[in-house]
Structure formats: structure tokens, C-alpha cells
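Visitor: Using only what follows, build the 3D model:
(one chain, ligands or ions: 1)
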Amino acid sequence: MNKKYQKLFSKLVPYYVCSHELATRVNKKLLDQFFKETYYFNPLLLESRDFIEKIYHMDEITFGSQQLGMDRWVFFDCSVMPGFVFGLMINSSELDDSDRETLGIEKNEFFPLSMYIAIPCAGGGWFGHNLSSLNGKLNYDLSGLGFLTKTLALKFFGIEKHLGATQWDSHSVFLHLKISKLKLMSAYTPIHSIAETFSYEAETFHLENLLAGIQDQREKEQAVDFDPTLKNICELQEKIEAGALVYLLGVKKEKGKNIFQILYKDKF
Ligand SMILES: CC(C)(COP(=O)(O)OP(=O)(O)OC[C@H]1O[C@@H](n2cnc3c(N)ncnc32)[C@H](O)[C@@H]1OP(=O)(O)O)[C@@H](O)C(=O)NCCC(=O)NCCS
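Guide: Take a look at the predicted model:
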């Protein structure tokens with residue numbers, strides 16, 4: 001396993017927030033392989049309040065700057081009641097004084113460093129509507145945290161098919177594409193807050209392969225480069241609406257832009 005994941009496994013502690021019913025269906029054995037303990041917070045109990053306030057604080061640090069911070073009712077009505085929040089937290093004694101000051105905490109208390117939120121879709125699968133990590137926001141090195149959080153969340157909740165929506169220029173596409181190829185459902189999504197958003201569905205890979213960085217390379221030979229300019233994504237949207245089956249297989253950075261490896265399964 002990659003050393004950066006080993007370090008995160010040894011220093012961080014998983015937490016999850018969801019209904020009591022869903023909490024009875026998680027794969028505890030999976031996390032027991034990697035962590036000594038896992039904490040559950042019931043959203044209906046006042047004793048969970050202090051920790052959930054810290055999740056709001058994390059959200060403010062990660063998404064607040066993009067004006068995409070989550071309303072508290074979204075967290076309750078559209079996250080922890082129908083679905084779950086899963087993330088990794090740290091005992092603040094592991095952090096330096098400057099990081100504790102950034103987070104507004106004392107020594108020896110838990111603070112969440114990441115979260116993935118998913119809700120079940122009536123048509124099948126789970127929609128991940130929030131992924132965040134404090135990697136890069138603290139002196140403490142958290143490289144790999146976003147990837148580990150989403151991967152463990154999918155496996156912990158037994159999710160086979162997951163859906164999502166992300167921006168073509170997002171930093172997160174590297175992470176999503178490390179987990180699985182993405183079947184495009186839309187390439188241009190003007191009813192979203194950001195029109196240059198694509199939506200996708202994906203099947204999750206074997207956890208051990210993911211942690212070892214093993215990906216199926218076979219299809220990549222047939223993929224072509226795709227530059228997501230507005231013109232290109234609008235044209236791609238037309239093809240998808242006409243029935244094309246299109247997958248994103250990978251991404252690279254070229255002159256500061258995300259350039260995707262795209263696979264057309266049919267001739268268009
Ligand atoms: C997006 C976000 C979740 C990423 O979290 P993170 O902890 O930094 O992610 P990770 O370190 O696990 O993974 C990032 C991967 O992408 C790679 N990556 C990122 N930018 C890259 C680039 N320019 N070129 C190549 N690889 C890049 C990293 O190297 C890493 O891969 P590696 O582990 O093989 O090195 C985090 O930055 C965040 O919370 N952002 C604000 C909220 C947001 O935009 N969320 C996404 C919503 S879909």
C-alpha cells in the first residue's frame with residue numbers, strides 16, 4: 001500500500017453520521033482491518049451537536065470560499081436523514097499550535113478533516129453531493145485524504161453504483177478518476193449552479209487494487225484527448241442526448257488545464 005495511505009490509516013479515525021437504521025447496515029469489519037475505532041453520531045441526539053458544529057466549520061473552510069457552503073437544512077434534510085456523512089478525523093494533539101488555531105480547537109479533541117456525503121437515488125445507486133478534505137489547508141500533510149475518504153465511504157456503506165456531478169476544471173476529477181472510470185450522464189448542465197458541470201455514474205473497484213494504485217489500463221489505448229472548452233462540452237452533450245455512450249477514463253494537466261482521456265463506445 002502507498003505510504004501516504006498507511007500514514008493516514010495510522011493517524012486518523014473514521015466517523016459517520018446517519019440514521020440509526022442505516023448505521024446498522026454498515027460494513028464495520030472493513031474499517032476494523034485498518035482502524036482501532038470508529039465513531040458514530042446520531043443526527044437526532046443533542047450529544048452529537050458539538051461534533052456536527054465542527055463539520056459545519058470544516059465545510060466553511062473547504063467550500064465557503066467558493067460560495068458553495070452547505071446550508072444547515074441541506075445537511076439535515078438532504079444529507080444525514082436520507083443518506084450519510086462519512087469522513088476521517090484527527091485527535092488535535094497530533095496537530096501543531098498554528099493548525100489548532102486555524103481550526104479554533106484545543107488539544108485532545110477530535111476534529112473532522114474530510115467528508116463524503118451520499119444519498120440514495122430512487123432510480124438506483126447513490127448520489128455523492130459533497131466531497132471535501134482539508135489537505136492543503138493545514139501544516140499537517142494530508143495528501144491522499146480526499147481519495148481515501150470517498151473510497152472508504154463507498155465500501156463502508158456497500159455502494160456498488162455511485163453518481164456524482166463535478167466541474168470540468170475541478171481538482172477533484174483526478175481523485176474521482178483514480179477510483180473508477182466515469183460514464184457521462186451529462187456533459188453540460190446549465191440547471192446546475194455551475195453550467196460547466198458534468199454528471200456521471202460509476203461502479204466501484206476492488207478496494208485493495210485502489211489502495212495499491214492498480215487500475216485497468218486496457219481501455220485507455222482506445223481513448224482520445226478531450227479539451228473541455230464550452231464549445232466541446234456542448235457538442236458532447238448533444239452526442240450524449242443522441243444516445244452516445246461516453247466514458248471518462250483519465251485526466252492530465254496541460255498548461256494549467258484539465259485534459260481528459262475520453263472513450264466513445266459507439267461511432268458518432
Ligand atoms: C477536491 C478535494 C476533495 C481533494 O482532496 P485531497 O485530499 O487534496 O485529494 P487527494 O490528495 O486524495 O487526491 C488528489 C489526487 O489528485 C492528484 N492531483 C491533484 N491535482 C493534480 C494535478 N494538477 N496534476 C496531477 N494530479 C493531480 C493528486 O496528486 C492526488 O493524486 P495522488 O494521490 O496520486 O498524488 C479538496 O481539495 C477539497 O475539499 N476541495 C474543496 C471542495 C471541492 O471542490 N470538492 C470537490 C467537489 S466534487
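Visitor: got the contact list for the residue lying closest to Phe174 once chain neighbours are set aside?
Guide: Of all residues beyond its chain neighbours, the one nearest Phe174 is Val251 (5.9 Å), with distances taken as CB to CB, 6 or more residues apart in numbering. Every C-beta, even on glycine, is put in place using the N, C-alpha and C of the backbone. Counting by CB atoms under 8 Å, 6 or more residues apart in numbering, Val251 makes contact with 173-174, 177, 258-261.
Visitor: try Thr166
Guide: Counting by CB under 8 Å, 6+ apart, Thr166 has contacts 172-173, 176, 197-198, 200.
Visitor: follow-up on the earlier one: among the contacts of Val251, which one has the most neighbours?
Guide: Phe260 (23 neighbours; other CB atoms under 10 Å).
Visitor: Confirm that that one sits in a strand.
Guide: Yes: Phe260 forms part of a strand when assessed by DSSP: H, G, I helix; E, B strand; the rest coil.
Visitor: For the stretch 101-250 of the chain, what lies in contact range of the ligand?
Guide: Contact residues, the stretch 101-250 of the chain versus the ligand (CB under 6 Å from any ligand atom): 131-133, 135-136, 142-147, 166, 170-172, 174-175.
Visitor: so where do the strands sit in this structure?
Guide: 13-18, 39-41, 84-91, 110-112, 114-120, 126-133, 161-167, 182-186, 197-203, 224-226, 246-254, 257-264 (DSSP state E).
Visitor: Pull the most distant pair out of the contacts of Thr166.
Guide: Maximum pairwise distance in the contacts of Thr166, criterion CB to CB, is 12.8 Å, between His176 and Thr197.
Visitor: The residue nearest to Ile61 when sequence neighbours are not counted: what's it in contact with?
Guide: Leaving aside its sequence neighbours, Ile61 sits nearest to Lys137 (CB to CB, 6+ apart; 5.8 Å). Counting by CB under 8 Å, 6+ apart, Lys137 makes contact with 61-62, 102.
Visitor: Nearest to the ligand, out of those residues: which one, please.
Guide: Distance to the ligand, by CB to the nearest ligand atom, is smallest for Thr62 among the contacts of Lys137, at 4.2 Å.
Visitor: Between His176 and Thr197, which is the more surrounded one?
Guide: Counted by other CB under 10 Å, His176 and Thr197 do not tie: His176 has more neighbours, with 23 against 20.
Visitor: how much space between the more buried one and Leu131?
Guide: 8 Å (CB to CB, to the nearest Å).
Visitor: List the residues that contact the residue in the stretch 1-150 of the chain positioned nearest to the ligand.
Guide: In the stretch 1-150 of the chain, the residue that lies nearest the ligand is Gly146 (2.6 Å; CB to the nearest ligand atom). By CB under 8 Å, 6+ apart, the contact list for Gly146 reads 114, 131-133, 135, 172, 175.
Visitor: try 7 Å
Guide: By CB atoms under 7 Å, 6 or more residues apart in numbering, the contact list for Gly146 reads 114, 131, 133, 135, 172, 175.
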